[in-house]
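> Sharing a sequence plus its predicted fold:
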Amino acid sequence: MDFRQLRFARAMEFAIQEINNRTDLLPGITLGYQIHDSCAAVAMSVKVAFQFANGIEPFFNDTDSCSKSAAAAVPAVVGESNSPPSISMTRILGLFGIPQVSYYATCACLSDKRQYPAFLRTVPSDHYQAAALAKMVKYFGWTWIGAVRSDTDYGNYGMASFLKAAQEEGICVEYSEVFYRTDPRSKLERVANVIRRSTARVIVAFLASGEARVLLEELTRQPPPHIQWIGSDAWITHPEFLRFNMCAGAIGFGVPRSVIPGLREFLLDLSPAQALKSPLLTEFWESSFSCSLKGSSEGARKCNGSEDIRALQNPYTDTSQLRITNMVYKATYAIAHAIHGVICNDTQCDKSAKFTPWQSGGKCGLDAVGHQFGGPQGRPQCNTMLHQALVCTQYTISDSLSTKQCPIHSQSRIGEWLFQPCRLKKRLFLLDETNQSQFHSFYCPLCH
């Protein structure tokens with residue numbers, strides 16, 4: 001089980017709980033939800049999309065009243081995490097006019113409203129990330145680089161944008177390799193050998209986390225000379241990659257950190273009895289504590305109630321860097337505000353109002369303006385022209401410190417990239433120890 005993805009799902013639950021307890025947002029209306037596990041697979045995502053559209057019984061439901069109501073159609077979908085499944089889902093959901101708000105699908109292709117009219121997101125398009133990566137590579141004078149990408153829409157579109165921007169910056173690319181995590185081992189070995197034998201010591205890796213994992217594991221078998229990794233957002237801030245020593249000093253762009261008051265307590269407020277109500281939470285509990293809640297798993301001890309969820313240290317309980325989690329939170333609030341705008345006035349909502357899912361999508365159509373959606377303290381900035389909102393994009397630049405001599409494995413913010421076409425402003429800002437604009441080393445000083 002991917003504990004990080006479970007945290008994303010429960011962040012949506014938390015946002016819905018907040019919304020249902022508010023008196024100024026959808027007063028008198030109770031939002032329900034369904035949670036389906038796409039297993040990060042396109043085929044499963046297509047199945048899930050049809051389930052949403054057809055109203056089949058949900059995989060996990062915590063609001064029985066909504067599932068029993070014939071009028072409780074799905075007005076919008078939050079998800080998916082990755083671009084390829086999101087593309088497949090929105091092609092289906094769009095036929096039914098069901099808006100899809102993704103919190104992590106960044107493929108620039110999804111900005112094409114002719115193909116994906118029902119797709120919205122709270123994260124910036126890779127078009128901006130690719131431009132920022134090229135600027136950063138040029139900033140450090142790295143004009144001879146290698147490139148590797150996932151063989152998916154995310155990797156192919158992202159790398160194409162980067163290579164175009166790199167060419168404009170005068171950056172030369174020694175090689176550009178592509179693979180997918182399920183490719184034959186021989187192909188992965190070939191890509192790894194290209195990296196080992198190349199003269200470029202700086203690599204731009206536009207990889208999904210699955211491809212990044214298998215590539216780094218393959219390179220670990222026979223480590224190449226030191227490489228300066230430039231990572232895309234899908235893996236550069238993922239805590240799993242801190243275990244690879246060769247990633248020490250890797251840099252890339254990530255969604256800014258955030259704080260969601262109350263979320264940590266919500267995540268930890270989980271008992272064995274509550275976990276048993278959901279197959280997802282049951283799997284989480286049993287995986288985390290190596291015990292069986294139902295006492296039926298072969299070879300596993302039965303959970304006895306002594307398990308302490310507060311003592312766990314895994315991605316589910318780690319709320320120190322709420323990046324994508326915050327995008328889930330904002331996506332949920334964006335949908336709630338859109339529904340509010342359709343069926344409510346300033347003081348009350350029409351509970352008998354009938355509206356189509358497309359109305360909720362058209363009420364607040366924004367592409368890649370994650371930080372503009374309002375949470376408990378504010379309403380989102382909506383664009384009633386639908387989908388054509390100007391994009392003010394901000395990334396933080398993350399530095400991964402992970403070597404044997406460094407006291408802790410961590411990620412630190414070292415600067416930001418700010419792109420504001422609405423103000424005709426671009427800025428690449430790097431920080432050093434004194435908070436100045438020149439940052440020359442991305443390595444832990446204890447290790448060099």
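Noted; the coordinates are in hand. Bear in mind that the values here come from a model prediction, so they are computed numbers and not experimental data.

> shaky segments in the stretch 301-448 of the chain?
Confidence mapping of the stretch 301-448 of the chain against pLDDT under 70 gives the ranges 358, 360-448.

> Now Ala212: closest residue in space, sequence neighbours ignored.
Trp235 (4.1 Å; CB to CB, 6 or more residues apart in numbering). The way it works is simple: take the backbone N, C-alpha and C, and place the C-beta from them, glycine included.

> Give me the buried stretch members for the helix or strand hosting that neighbour, please.
Assigning secondary structure by DSSP states H and E places Trp235 in helix 233-236. By neighbour count with 16 or more other CB atoms under 10 Å, helix 233-236 contains the buried residues Asp233, Ala234, Trp235, Ile236.

> Dump the C-alpha coordinates for it into CSV.
Extracted C-alpha coordinates of helix 233-236, given in CSV (Å, rounded to 0.1, in the frame of the first residue of the first chain):
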residue,chain,number,x,y,z
ASP,A,233,8.2,17.2,-9.4
ALA,A,234,6.9,13.6,-9.4
TRP,A,235,9.9,12.3,-7.5
ILE,A,236,12.1,15.1,-6.3
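
> just checking, what packs against the helix or strand just after it?
Once the chain leaves helix 233-236, the next helix or strand it forms, by DSSP H and E, is strand 251-254. Judged by 3 or more CB pairs under 8 Å, 6 or more residues apart in numbering; DSSP states H and E, the packing partners of strand 251-254 are helix 126-139, strand 228-231, helix 233-236, strand 393-401.

> Would you tell me which of these gets closest to Ser290?
Across the helices and strands packed on strand 251-254, Ser290 has its closest neighbour in helix 233-236 (27.6 Å, CB to CB).

> residues making contact with that closest one?
With contact meaning CB atoms under 8 Å, 6 or more residues apart in numbering, helix 233-236 is reached by 82, 106, 129, 154, 205, 207-209, 212, 241, 250-255, 395, 398, 400.

> Can you tell me which of those residues are buried?
Among those, those classed as buried by 16+ other CB under 10 Å are 82, 106, 129, 154, 205, 207-209, 212, 241, 250-255, 395, 398, 400.

> which residue packs closest to Arg10, ignoring adjacent ones?
Spatial nearest neighbour of Arg10, chain neighbours left out: Leu267 (6.0 Å); criterion: CB to CB, 6+ apart.

> er, Ala300 actually
In space, and not counting its chain neighbours, Ala300 is closest to Ser292: 4.4 Å by CB to CB, 6+ apart.

> quick one: that neighbour and Ala275, what's the gap?
Per CB to CB, to the nearest Å, Ser292 is found 12 Å from Ala275.

> Compare the two (neighbour count), which wins?
More neighbours surround Ala275 than the other of Ser292 and Ala275, with 21 against 17 (other CB atoms under 10 Å).

> pLDDT wise, what is the more buried one at?
Looking at Ala275, its pLDDT reads 94.

> so where do the helices sit in the protein?
3-20, 42-54, 64-67, 83-93, 126-139, 153-168, 185-197, 209-221, 233-236, 263-268, 272-275, 279-289, 324-343, 357-363 (DSSP state H).

> so what's the residue nearest to Ala300 up against?
Glu286, Ala300, Arg301, Lys302, Cys303.

> rewinding a little: could you dump the helices and strands packed on strand 251-254 to TSV with distance to Gln321?
Rendered in TSV, the data for the helices and strands packed on strand 251-254 read as follows (distance: least, CB to CB, whole Å):
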stretch	distance to Gln321
helix 126-139	18
strand 228-231	15
helix 233-236	12
strand 393-401	9
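
> hey, least reliable of these by pLDDT?
Among these, strand 393-401 scores lowest, at a mean of 57.

> check contacts around Leu312.
Contacts of Leu312 (CB under 8 Å, 6+ apart): Ser288.

> Please report phi then psi for the residue sitting nearest the centre point of the chain.
By CA atoms, centre = their mean, the mean C-alpha position of the chain lies nearest to Tyr104, the distance being 3.3 Å. With angles defined as degrees, to the nearest 10, Tyr104 sits at phi -150, psi 0.

> leaving aside the residues next to it on the chain, what's closest to it?
Closest to Tyr104 by CB to CB, 6+ apart is Ser81, at 4.4 Å.

> Please apply the same query to Leu216.
Of all residues not flanking Leu216 in the chain, Phe244 sits nearest, at 4.8 Å (CB to CB, 6+ apart).

> count of neighbours near Glu283?
15.

> and the spatially closest residue to it that is not a sequence neighbour, what is it in contact with?
The shortest distance from Glu283 to any non-neighbouring residue, by CB to CB, 6+ apart, is to Met1 (5.4 Å). When contacts are counted by CB under 8 Å, 6+ apart, Met1 touches Glu283, Phe284, Ser287.

> Please tell me the pLDDT value assigned to Met1.
pLDDT, Met1: 88.

> any idea how far it is from Leu268?
Noted for Met1: a distance of 17 Å to Leu268, by CB to CB.

> Then Ala53?
Taken as CB to CB, the span from Ala53 to Leu268 is 35 Å.

> Looking at those two, which one has more neighbours?
Shown here are Ala53 and Leu268; by other CB under 10 Å, Ala53 has more neighbours (19 against 14).

> quick one: that one from Val148, how far?
Distance from Ala53 to Val148, counting by CB to CB: 37 Å.

> again with Val48
Going from Val48 to Val148 by CB to CB gives 30 Å.

> out of these two, which sits in the more crowded spot?
A count of neighbours by other CB under 10 Å puts Val48 above the other of Val48 and Val148, at 27 against 24.

> What count of nearby residues applies to the closest residue in space to that one that isn't next to it in sequence?
Nearest residue to Val48, sequence neighbours excluded (CB to CB, 6+ apart): His36, at 4.3 Å. Look at His36: counted by other CB under 10 Å, it has 21 neighbours.

> Ser111 too?
19.

> which residue packs closest to it, ignoring adjacent ones?
In space, and not counting its chain neighbours, Ser111 is closest to Ser125: 5.2 Å by CB to CB, 6+ apart.

> what's the answer for Lys187, then?
In space, Lys187 is closest to Phe179, 5.6 Å off (CB to CB, 6+ apart).
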